[in-house]
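*Asks:* Dropping the sequence and predicted coords here.
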Amino acid sequence: MNGRAPSDLVRQMWALVVEETFLWDLTKQVTDYYDSETAITHGPWLAVDCQQILTRWFDCGLIDCVATSWATRVRSDEIVHFEYNADWRTRATERGQHLILARDDTGALLRDPSTWHADGDGAGVTLCPSDQAAGLSFDAWFGKLAGLPDHLIYEQPLDGTTSGKAQKTLAEPEHVRIAQLWTPAVEHAATHGLSLLCPVNQDAHVAFDWDPTDGETATTESIEDVVCFVDRSKVGHGQPFPFGRHRLWCPGCGAEQHLVVMRRPA
């Protein structure tokens with residue numbers, strides 16, 4: 001947009017929508033470690049800044065809010081059950097194991113960051129791209145933010161100087177940012193048994209070039225490989241993908257990634 005790079009806030013908010021993140025997770029600081037010497041931290045974010053980005057996308061019809069109809073899994077083997085006592089529960093539409101919140105209820109939650117907690121009205125609610133957003137590239141999402149304050153949507157240099165030279169923002173490499181999108185998408189497909197929509201541009205379903213191994217181990221060849229561990233109890237039954245290093249590619253935009261599947265170490 002105007003030839004200016006999007007801010008880290010915009011990139012992260014878009015990634016959180018695509019990853020179907022819980023509302024209570026939106027403002028938290030996240031640090032990505034790439035090797036022993038490289039780490040990039042995102043956030044923490046001001047809730048009011050997140051609100052402006054998300055409500056603009058919502059007003060453009062790009063965001064829905066959903067919740068699982070009976071429980072939700074929170075980044076561990078623990079199943080956390082929620083009793084949806086909020087008013088939105090009676091107006092939500094059931095679709096399989098999910099509840100699709102009514103549009104007015106979604107807007108109310110996004111405009112009220114006080115509900116973005118693991119209890120109360122926003123408990124168990126996640127963001128997700130709407131049907132209208134299917135196939136839209138990141139650039140298209142970014143373009144919808146025109147008119148919001150520059151400091152929110154555009155990359156800004158850090159304030160202050162050192163030795164007479166302006167400090168530079170540590171920009172996350174584009175290939176690293178794209179690689180980050182694949183992990184939650186693969187995990188979601190493995191957990192729910194769904195076909196995998198391209199996490200980069202959401203323009204087509206991903207094709208798999210299988211390269212299975214004879215054993216239960218496989219070797220990563222790049223730090224960007226997505227690794228999927230299979231628990232011993234699921235080997236042979238309940239196993240989402242065969243062991244090996246497999247190529248995933250999108251017939252639409254051409255994006256590709258490698259998935260390494262191995263048995264979880266004891």
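*Replies:* Thanks, I have the structure now.
*Asks:* Please make it C-alpha for all contacts and neighbour counts, starting now.
*Replies:* Fine.
*Asks:* Please name the residues that touch Glu19.
*Replies:* By Cα atoms under 8 Å, 6 or more residues apart in numbering, the contact list for Glu19 reads 128, 181, 184-185.
*Asks:* and what of Ile100?
*Replies:* Counted by Cα under 8 Å, 6+ apart, Ile100 has contacts 64-67, 92-94.
*Asks:* so of those, which ones are in strands?
*Replies:* When these are checked against strands (DSSP state E), the matches are 64-67, 93-94.
*Asks:* These into a markdown table, with extra columns for pLDDT and neighbour count?
*Replies:* Putting the ones in strands among the contacts of Ile100 into a markdown table (pLDDT from 0 to 100; neighbours: other Cα atoms under 10 Å) gives the following:
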| residue | pLDDT | neighbour count |
| --- | --- | --- |
| Asp64 | 96 | 25 |
| Cys65 | 95 | 28 |
| Val66 | 93 | 23 |
| Ala67 | 87 | 26 |
| Thr93 | 92 | 15 |
| Glu94 | 87 | 15 |
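*Asks:* confidence score at Ala71?
*Replies:* Looking at Ala71, its pLDDT stands at 49.
*Asks:* For the stretch 151-266 of the chain, just list every one of the helices.
*Replies:* Here the stretch 151-266 of the chain has its helices, by DSSP state H, counting those that start in this stretch, at 174-192.
*Asks:* do you know how far Leu9 is from Gln52?
*Replies:* 11 Å (Cα to Cα, to the nearest Å).
*Asks:* Give me the more crowded residue out of the two.
*Replies:* Leu9 (23 against 17; other Cα atoms under 10 Å).
*Asks:* pretty sure that one contacts Leu152?
*Replies:* Yes: look at Leu9 against Leu152 with Cα atoms under 8 Å: they come within range, at 7.0 Å.
*Asks:* Where does pLDDT dip in the stretch 101-250 of the chain?
*Replies:* Within the stretch 101-250 of the chain, the segments meeting pLDDT under 70 span 157-177, 191-194, 223, 238.
*Asks:* the strands in it, which residues?
*Replies:* Taking DSSP state E, counting those that start in this stretch as the test, the strands found in the stretch 101-250 of the chain are 126-129, 161-162, 165-166, 207-209, 226-230, 244-249.
*Asks:* Quick one: list the elements packing against the first one.
*Replies:* What it means is strand 126-129. helix 8-18, strand 63-68 (3 or more Cα pairs under 8 Å, 6 or more residues apart in numbering; DSSP states H and E).
*Asks:* Redo those as a markdown table? Include distance to Phe229.
*Replies:* Listed next are the helices and strands packed on strand 126-129 as a markdown table, based on distance: least, Cα to Cα, whole Å:
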| stretch | distance to Phe229 |
| --- | --- |
| helix 8-18 | 23 |
| strand 63-68 | 24 |
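*Asks:* For Trp88, the count of nearby residues, please.
*Replies:* When neighbours are counted by other Cα under 10 Å, Trp88 comes out with 21.
*Asks:* Confirm that it sits in a helix.
*Replies:* Yes: assigned with DSSP: H, G, I helix; E, B strand; the rest coil, Trp88 falls within a helix.
*Asks:* Run through the residues that contact it.
*Replies:* Neighbours of Trp88 in contact, by Cα under 8 Å, 6+ apart: 101-102, 105.
*Asks:* Please tell me how far it sits from Thr106.
*Replies:* 9 Å.
*Asks:* One more: Ala133?
*Replies:* For Ala133, the distance to Thr106 (Cα to Cα) stands at 16 Å.
*Asks:* now do Trp249
*Replies:* On the measure of Cα to Cα, Trp249 and Thr106 end up 33 Å apart.
*Asks:* who has more neighbours, these two?
*Replies:* Thr106 (22 against 19).
*Asks:* Let me see the contact set for that one.
*Replies:* Per Cα under 8 Å, 6+ apart, neighbours of Thr106: 64-65.
*Asks:* Of the helices and strands packed on strand 126-129, give the one that comes closest to Asn201.
*Replies:* Nearest to Asn201, of all the helices and strands packed on strand 126-129, is helix 8-18, at 10.1 Å by Cα to Cα.
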